[in-house]
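A.B. asks: Requesting a structural model of the entry that follows:
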Amino acid sequence: MADAVNPRNAQIDGNVVAAKSFAHFGVTHMFGVVGIPVTSLANRAVALGIRFIAFHNEQSAGYAASAYGYLTGKPGLLLTVSGPGCVHGLAGLSNAMVNTWPMVMISGSCDQKDFGRGDFQELDQIEAVKPFSKFAVKAKDIKDIPNCVAQVLERAVSGRPGGCYLDLPTDVLHQTISESEVEELLKSAESHESEVSIGLTPKTSEIEQAVSLLREAKKPLIRVWERSSLCASRG
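C.D. replies: Numbers count the residues shown, from 1 in each chain. This next block holds a predicted model:
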């Protein structure tokens, strides 16, 4: 009977999992325009202490998110609805890429089983965002969400900062999973985040080669980006 009422066994949907994942990795602000299918995601994020700043259109919200990335060094988050909402958000995403500002655009998308059948505001959003982002990923199952969130947040600030994209299909947002499973998935996502960071760290031999080239250069030009750490923003 004790197990039956254990909160860790409670079922939560993809909206809550996404909100928990963003909060877990230190997100404090989110910009955007709510609507089908992401209204619940925004509400869950607010309930977890993330400040949602609403706009009348995605273009303005996207510019605000990219400016947030520039000013804080942390990924600015833009939340949009599917189809036209995603397209309108591309202006901000492109702005972030061109200026090397960390930003993440999250869009809801149509039900995966109905893709190609004229579903509500259907669009191949992964292909649509590719020219304007450094990394794009779709959560194809609720269990993918924590890892996908970790990836887009990490890649937005690593190396040459820029815009990343996360696609959250309607069916994934409606799937359910237990609280205990989410905790394990978040731990696993933390490990993946560390692996991404390690993979982006230059080897000693590469550093030595760069030093050698600089010593021999007559008129060297050096451009440096400061890499923000997600770990530093976690509670």
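
A.B. asks: use CA for all of it now, contacts and neighbours both
C.D. replies: Noted.

A.B. asks: Helices of this protein, residue ranges please.
C.D. replies: For the chain, the helices defined by DSSP state H occupy 14-24, 39-47, 58-72, 84-99, 125-129, 145-157, 170-174, 179-199, 204-216.

A.B. asks: mean confidence score for the last one?
C.D. replies: The average pLDDT for helix 204-216 rounds to 81.

A.B. asks: Check the offset of that helix from the chain's centre.
C.D. replies: The chain centroid and the centroid of helix 204-216 are separated by 34 Å under CA atoms, centre = their mean, to the nearest Å.

A.B. asks: Any buried residues in that helix, and which?
C.D. replies: For helix 204-216, a neighbour-count test (16 or more other CA atoms under 10 Å) marks nothing as buried.

A.B. asks: For it, C-alpha coordinates in PDB please.
C.D. replies: The C-alpha trace of helix 204-216 is given here as PDB (Å, rounded to 0.1, in the frame of the first residue of the first chain):
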ATOM      1  CA  THR A 204      47.100  19.000 -25.600                       C
ATOM      2  CA  SER A 205      48.800  18.500 -28.900                       C
ATOM      3  CA  GLU A 206      46.300  20.800 -30.600                       C
ATOM      4  CA  ILE A 207      46.900  23.500 -28.000                       C
ATOM      5  CA  GLU A 208      50.700  23.200 -28.400                       C
ATOM      6  CA  GLN A 209      50.300  23.400 -32.200                       C
ATOM      7  CA  ALA A 210      48.200  26.600 -31.800                       C
ATOM      8  CA  VAL A 211      50.900  28.100 -29.500                       C
ATOM      9  CA  SER A 212      53.600  27.300 -32.000                       C
ATOM     10  CA  LEU A 213      51.700  29.000 -34.800                       C
ATOM     11  CA  LEU A 214      51.100  32.100 -32.700                       C
ATOM     12  CA  ARG A 215      54.800  32.300 -31.800                       C
ATOM     13  CA  GLU A 216      55.800  32.200 -35.500                       C
END
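
A.B. asks: circling back to that earlier point, could you tell me the least trusted of the helices of the chain?
C.D. replies: Lowest mean pLDDT within these: helix 179-199, a mean of 76.

A.B. asks: Now do the contacts for the residue nearest the centre of the chain.
C.D. replies: Nearest residue to the geometric centre of the chain (CA atoms, centre = their mean): Val152, 4.0 Å. Contacts for Val152 (CA atoms under 8 Å, 6 or more residues apart in numbering) come out as Val104, Phe135, Ala136, Val137, Cys164, Tyr165, Leu166.

A.B. asks: Quick check: it vs Lys140, distance?
C.D. replies: Between Val152 and Lys140 the distance is 15 Å, computed by CA to CA, to the nearest Å.

A.B. asks: go on, Ile106?
C.D. replies: Going from Ile106 to Lys140 by CA to CA gives 14 Å.

A.B. asks: Looking at those two, which is more packed in?
C.D. replies: Ile106 (27 against 16; other CA atoms under 10 Å).

A.B. asks: Check the contact between the more buried one and Leu168; I expect there is one.
C.D. replies: Yes: using CA atoms under 8 Å, Ile106 makes contact with Leu168 at a distance of 7.3 Å.

A.B. asks: Can you give me every residue that contacts the nearest residue to Asn147 once chain neighbours are set aside?
C.D. replies: Once flanking residues are discounted, Asn147 sits nearest to Ala189: 4.6 Å by CA to CA, 6 or more residues apart in numbering. By CA under 8 Å, 6+ apart, the residues touching Ala189 are Pro146, Asn147, Ala150.
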